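A.B. asks: would you be able to build a 3D model of this:
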Amino acid sequence: MDARVKLLVVGYGNTLRRDDGAGVKVVELLEAMHLPGVEIRIVQQLVPELAEAAAASQGIVFVDATAGKSEKPVLAELKPSAASRVFAHASDPGSILALAGLLYGGHPKAWCLAIPAHDFGFGEGLSEATMRDVPFAAGLLRELAVGFV
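C.D. replies: Coordinates of the predicted model:
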């Protein structure tokens with residue numbers, strides 16, 4: 001049996017900026033399911049240090065809020081960024097994957113789960129519209145996790 005984490009799920013966002021915390025909320029719901037082979041990480045932002053954990057996993061899902069791209073949560077396969085973006089100031093999921101390959105030789109299968117966000121103002125708690133999408137997004141993650149592990 002492979003000792004690596006089967007599926008790493010990274011929920012990120014600022015929970016003090018309303019819907020920006022949607023990724024965190026969705027991942028907290030998944031964590032409460034206690035699925036075997038799934039490791040949960042909750043962070044405020046993506047940092048290069050996540051590359052080591054990504055490389056040690058067989059698969060990784062990045063879960064975040066997104067503005068104006070879709071009306072429903074969307075789960076999409078993800079590829080590493082071009083090498084020129086890897087050492088850019090801001091980290092993004094593709095950069096984390098590229099670093100995982102460059103520094104650790106890890107090439108996990110990867111996805112992004114984007115949750116539609118409507119309110120990025122100061123405050124805690126999600127808007128009603130975003131909160132309605134949270135259970136659906138958690139269900140997408142659960143299906144992926146159960147099928148993957």
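A.B. asks: which stretches of this structure form strands?
C.D. replies: Using DSSP state E, the strands of the chain run over 5-12, 38-43, 57-67, 74-77, 109-117.
A.B. asks: distance of the closest residue to residue 81 other than its chain neighbours from residue 62?
C.D. replies: Computed as CB to CB, 6 or more residues apart in numbering, the closest residue to residue 81 that is not its neighbour in sequence is residue 94, at 3.3 Å. To be clear about C-beta, it is placed using only N, CA and C from the backbone, and glycine gets the same treatment. For residue 94, the distance to residue 62 (CB to CB, to the nearest Å) stands at 9 Å.
A.B. asks: so what sits against both of these two?
C.D. replies: By the contact definition CB atoms under 8 Å, 6 or more residues apart in numbering, residue 94 and residue 62 are jointly contacted by residue 78.
A.B. asks: between the two, which one's more packed in?
C.D. replies: Using other CB atoms under 10 Å, the more surrounded residue of residue 94 and residue 62 is residue 62, with 25 against 18.
A.B. asks: quick one: end-to-end length of stretch 100-108, please.
C.D. replies: 9 Å (CA to CA, to the nearest Å).
A.B. asks: which helix of the chain spans the most residues?
C.D. replies: Secondary structure assigned by DSSP state H gives helix 128-148 as the longest helix of the chain.
A.B. asks: who are the packing partners of that helix?
C.D. replies: Applying 3 or more CB pairs under 8 Å, 6 or more residues apart in numbering; DSSP states H and E, one finds that helix 128-148 makes contact with strand 5-12, helix 22-31, strand 57-67, strand 74-77, strand 109-117.
A.B. asks: okay then, goodbye and thanks.
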